[in-house]
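> Sharing a model that was predicted from the sequence below.
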Amino acid sequence: MTSFDLTDGVRSLNQHLQQPHDAATQITAVNAKGKHAVAVGATQLHNITIDGNVGYYCGGMNQHAHIHVKGHAGPGLAENIMSGSVRVTGNAAQYCAASGHGGSVVIEGNASARCGVSMKGVDIVVRGDVGHMSAFMGQSGTLVVCGNAGDALGDSIYEARLYVRGTVKSLGADCVEKDMRAEHKEQLRALLQGAGIDDLAVDEFRRYGSARQLYHFDVDNASAY
Amino acid sequence: MTDTSWMRESATFTRPVIAEIERAARTGIYDIRGFGARRCVPCFDDLLLLGASMSRYPLEGYRESCRTDVVLGSRFASKPLHLDIPITIAGMSFGALSAQAKEALGRGASMAGTSTTTGDGGMTAEERGQSKHLVYQYLPSRYGMNPDDLRKADAIEIVVGQGAKPGGGGMLLGQKISERVAHMRNLPEGIDQRSACRHPDWTGPDDLEIKIQELREITNWEKPIYVKIGASRPFYDVTLAVKAGADVVVVDGMQGGTAATQEVFIEHVGIPTLPAVRQAVEALQELDMHRTVQLIVSGGIRSGADVAKALAMGADAVSIGTAALIALGDNNAEHEEEYNKLGTSAGFYDDYQDGADPAGINTQDPELAARLDPVEAGKRLSNYLKVLTLETQTLARACGKSNVNNLEPEDLVALTIEAAAMAGVPLAGTQWIPGQNPL
Amino acid sequence: MCGIVGLFAKHPQVSEQLGSHIAGMLAQMGERGPDSAGVAIYSDEGDGQKLCFRCQSAQHAEQLMALLSKQLSEVQTRRVARHVVCQTNNPESVLALITTAAPDATLMSSGERMVIFKEAQHPSDFIQDHGFSAMSGSHALGHTRMATESAVTTAGSHPFSTGPDLCLVHNGSLSNHNRLRRLLQRRGVNIQTENDSEVAAGYLSYRMQQGDTLTQALEASLEDLDGFYTFAVGSRDGFAVLRDPIACKPAVLAETEHWVAMASEFRALEQLPGIEHANVWEPEPARVYSWDKNGAVQ
């Protein structure tokens, strides 16, 4: 077990996470105190626990590592994540998993506005609610919301897949409810399981995705913009 | 043939304006095209250099050297870029351009000892393979963005905007979203890409500071971080970029090119390169950061005269986009017949968004793209860069400089009142700088 | 751009330490706002009205205090760096005296409970020079500035006050403030700088003069103000927070039994007592959150 005290900054932790290692290690980071860029750019498989709250971009561009934030996370959590996982026990601020390419992000509390904005393959699971404009321009990947979704869910969505259990305040441009077939339930089941959520039934969720009407500009759709 | 000699055209509703209104009525969509602003604006042509005479002495062209090298990114990065010439290749996307064109740019730039820049859509292996120095753009769309490429790059350019469309995002229409482009951008093949005009995870210079810190942490504080802005309010924007922690600021004037943008955006938003350079330099000087944070300017750079004048106004380097493509073969008369079939002519072609470029540069069509030989085109670019450099040196030497960076505003005068006011240099033959001192 | 912080005390212990807490919060916002800093503190210290003047130097401040003690002995004064805080039952006479005898002194704030301190200095210097640890009160707002389009001057710093006991701090950038400024000026609102935030403050004052409550004025601003903003507004008895409908500028709220706090970044809240157990959330867009001595205002 390696420990890092972040009181003097995030440099040594981040450098460590980018060094080649033979085997995965357990790492604890303390005194995060809302600092920015904690555990960013990891390139190695490590299991990292962060005790406390983090500021912006925790886990940014993560590859392979598993990060567990025991607290709240600021804006841009796991932005551009490539692989590996990031889990937060508290809430995540806006832009959670922005432009994420892969891996998984699990929020045990609520995520704020623009959760999954521009997502490109990441799988996001939020136990609580998500704020407005979530999955905005979502290209691929999945967003599972066990609570409620705010306004303009999936606005301008491409091929990302959304599953929502609670209410959706409003849908964004070109985002529609779609039917849940066996393969979707399978996918959702696996995602919930991966997130450690075993008390919710997949039948309680609804699926949302692109109506694919805005893929080519047509003047008759202009009001959608 | 109708006798038109007595006819009077309206200055407000000219034939091109009439044609555009008719096109809009027919299609219901705004006109999208490539290239930069076509209209005439005050530019470097309105400035002249003051060569040596009795009070100043020129340098000999052969024995007495005139240095052209430049270091970019020394403020915070541990590995700044050392370029042989103060002319770089601007960001242009693979997607907008063919793979062959990107490779040609890399070859030409490397031969000249300078850098190229990726564009929207990410880094191709061809470009990284060919470019000795590669700047990696970090754009609002984040297509293809990944930490491995970030680390392979020699510098990172955070794009806030570009001169052709300050406030707008990237545009690529379905006909250019080929399988490879779609794969790199994580989009379905053949659809029209939508533009993101703001970054997805930061808004404002206060957030930008934190984002720059994150990028440095991911790349071990090695790479210079550039911030690129489309010229709009460059005084404030450069100030904020510096305060947010940029190593280099790139300012792109309204003449800057684009692969696909709405015509109204290109022609009616943003300010010309000429006043943008002056305002950017003023901002740096006021912060006491001139030369500490380097300034690269772009938007209509065509000859060594433009380079010399931009440097004289205080830029550390310039960047070329449209000119580089023309050097590769864009709008070349050898394709005149094909231009005619497209309803245009060599020198007028700008429908890059259609992906049907006869020169094989602004296209994803494999047959058209195969027309460009990257080795030969790379050589042409390298030749052009060499000429730009020689011209710049010639002019600098004539002004008595042994280093092109020693050109200064006092080496310049203006031909028009507008240019004098915009550039902050006197009207030729007078001491007058409009707005700054009495006649 | 900027960092903003706000703290409302529900418990006497927090009230006593208010100055320390707000200074600690402000210190964390120095990177996103290095150009200038300002704090507004609301308290019941002393009788009558509070007027705060900023002088050209600490020496000028001392001279001003001497002048007041000679001419208007009723007035109680104390110096905080270059500021002179006056406690008086006769504010008009103080204003009249200073306008004629000390015209270089600028009025920073007026009201029953509010005092504003501002300087164009780095937040850490600002905190050091103003001795906040000795101050107590019911609520406070703070601001650190990275100037965008207007000058870095003390006058251009926040909090902006355009009415007694009313002040505003702003993180963001308005886009229609020029036209709105001219309109408000025609209606008699005194706006002194080119700063967009001052226009927002002026707008709220104007609406409240017309009879709106603070909440109503803030709700009206959603229609009339364009741009990106997180506002924190201080009023005589409480404070309010509002984010624009797009809500891109950051904001986080936290609440315990003993206090309510807001900040642009979470790390500003880290040193507040009981933060580990606080309810922490991001305010929703286009929704006014406010608290006063009677609790949360619904």
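All right, it came through fine. Numbering: from 1, shown residues only, chains lettered A, B, ... in the order given.
> looking at this, B:Asn405 is in a helix?
Yes - with DSSP: H, G, I helix; E, B strand; the rest coil as the criterion, B:Asn405 is part of a helix.
> Against B:Val307, how distant is it?
11 Å (Cβ to Cβ, to the nearest Å). Bear in mind the C-beta positions are built from the backbone N, C-alpha and C, glycine included.
> okay, and the common contacts of the two?
Residues within reach of B:Asn405 and of B:Val307 at once, by Cβ atoms under 8 Å, 6 or more residues apart in numbering or on different chains, are B:Pro86.
> quick one, which of the two is more surrounded?
Using other Cβ atoms under 10 Å in any protein chain shown as the criterion, B:Asn405 and B:Val307 rank with B:Val307 on top: 30 against 20.
> To what extent is the residue of the stretch 101-250 of chain B found nearest chain A buried, counted in neighbours?
Of all residues in the stretch 101-250 of chain B, B:Ile218 sits closest to chain A, at 3.3 Å by Cβ to the nearest Cβ. By other Cβ under 10 Å, the residues close to B:Ile218 number 25.
> Run a quick neighbour tally on the closest residue in space to it that isn't next to it in sequence.
Distances taken as Cβ to Cβ, 6 or more residues apart in numbering or on different chains place A:Gly41 nearest to B:Ile218, at 3.3 Å, with adjacent residues excluded. Around A:Gly41 there are 26 other residues, counting by other Cβ under 10 Å.
> repeat for the one 5 residues further on
Burial measure for A:His46: 21 neighbouring residues, criterion other Cβ under 10 Å.
> hang on, the earlier thing: quick check, pLDDT for the residue nearest to B:Ile218.
We note a pLDDT of 97 for A:Gly41 in this prediction.
> Nearest the middle, which residue of chain B would you pick?
Nearest to the mean C-alpha position of chain B, by Cα atoms, centre = their mean, lies B:Ser298 at 4.0 Å.
> tell me the contacts of that one?
By Cβ under 8 Å, 6+ apart, the contact list for B:Ser298 reads B:Ala90, B:Gly163, B:Val250, B:Val251, B:Asp252, B:Gly253, B:Gly256, B:Thr273, B:Val318, B:Ser319, B:Ile320, B:Gly321.
> Out of those residues, which sit inside helices?
Judged by DSSP state H, those include B:Thr273 as members of helices.
> Show only the entries of the contacts of B:Ser298 found in strands.
Among the contacts of B:Ser298, the members found in strands (DSSP state E) are B:Val250, B:Val251, B:Asp252, B:Val318, B:Ser319, B:Ile320.
> can you pull out the helices in chain A?
Counting by DSSP H, the helices of chain A are A:11-17, A:182-194.
> Give the buried residues for the longest one.
It stands for helix A:182-194. A:His184, A:Lys185, A:Gln187, A:Leu188, A:Leu191, A:Leu192 (16 or more other Cβ atoms under 10 Å in any protein chain shown).
> Columns distance to chain B and pLDDT on top of these, output as a markdown table?
A markdown table is the format used below for the buried residues of helix A:182-194 (distance: Cβ to the nearest Cβ, whole Å; pLDDT from 0 to 100):
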| residue | distance to chain B | pLDDT |
| --- | --- | --- |
| A:His184 | 19 | 97 |
| A:Lys185 | 24 | 97 |
| A:Gln187 | 18 | 97 |
| A:Leu188 | 22 | 98 |
| A:Leu191 | 19 | 97 |
| A:Leu192 | 24 | 97 |
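> would JSON lines of these with distance to chain C be doable?
Conversion of these to JSON lines gives the following (distance: Cβ to the nearest Cβ, whole Å):
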{"residue": "A:His184", "distance to chain C": "30"}
{"residue": "A:Lys185", "distance to chain C": "32"}
{"residue": "A:Gln187", "distance to chain C": "29"}
{"residue": "A:Leu188", "distance to chain C": "27"}
{"residue": "A:Leu191", "distance to chain C": "25"}
{"residue": "A:Leu192", "distance to chain C": "25"}
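> Of those residues, just say which sits nearest to B:Ser98.
Nearest to B:Ser98 among these, counting by Cβ to Cβ, is A:Gln187 at 37.2 Å.
> could you check the distance from that closest one over to A:His66?
Applying Cβ to Cβ, one obtains 22 Å for the distance of A:Gln187 from A:His66.
> and what of B:Arg278?
52 Å.
> go on, A:Tyr57?
17 Å.
> cool, and B:Ala19?
Distance check for B:Ala19 against A:His66: by Cβ to Cβ, it reads 60 Å.
> So which of the two has more stuff around it?
It is A:His66, of B:Ala19 and A:His66, that has more neighbours when counted by other Cβ under 10 Å, with 19 against 10.
> residue ranges for the helices of the stretch 101-250 of chain B, please.
Here the stretch 101-250 of chain B has its helices, by DSSP state H, counting those that start in this stretch, at B:125-130, B:147-152, B:179-185, B:205-218, B:234-244.
> Let me have the ones you listed in JSON lines, extended by mean pLDDT.
Output for the helices of the stretch 101-250 of chain B, formatted as JSON lines (pLDDT from 0 to 100):
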{"stretch": "helix B:125-130", "mean pLDDT": "91"}
{"stretch": "helix B:147-152", "mean pLDDT": "96"}
{"stretch": "helix B:179-185", "mean pLDDT": "91"}
{"stretch": "helix B:205-218", "mean pLDDT": "96"}
{"stretch": "helix B:234-244", "mean pLDDT": "96"}
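> Could you point out which of these sits nearest B:Phe348?
Closest to B:Phe348 of the helices of the stretch 101-250 of chain B is helix B:179-185 (Cβ to Cβ; 26.5 Å).
> who's in contact with the closest one?
Helix B:179-185 has contacts (Cβ under 8 Å, 6+ apart) with A:139, B:94-95, B:99, B:121-122, B:124, B:141, B:143-144, B:172, B:177, B:187-190, B:193, B:364.
> Would you mind writing the CA trace of it as CSV?
Provided in CSV are the C-alpha atoms of helix B:179-185 (Å, rounded to 0.1, in the frame of the first residue of the first chain):
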residue,chain,number,x,y,z
GLU,B,179,-15.2,5.2,-42.7
ARG,B,180,-11.8,6.2,-41.4
VAL,B,181,-12.9,9.7,-40.4
ALA,B,182,-16.0,8.3,-38.8
HIS,B,183,-14.0,5.8,-36.8
MET,B,184,-11.5,8.5,-35.6
ARG,B,185,-14.3,10.8,-34.6
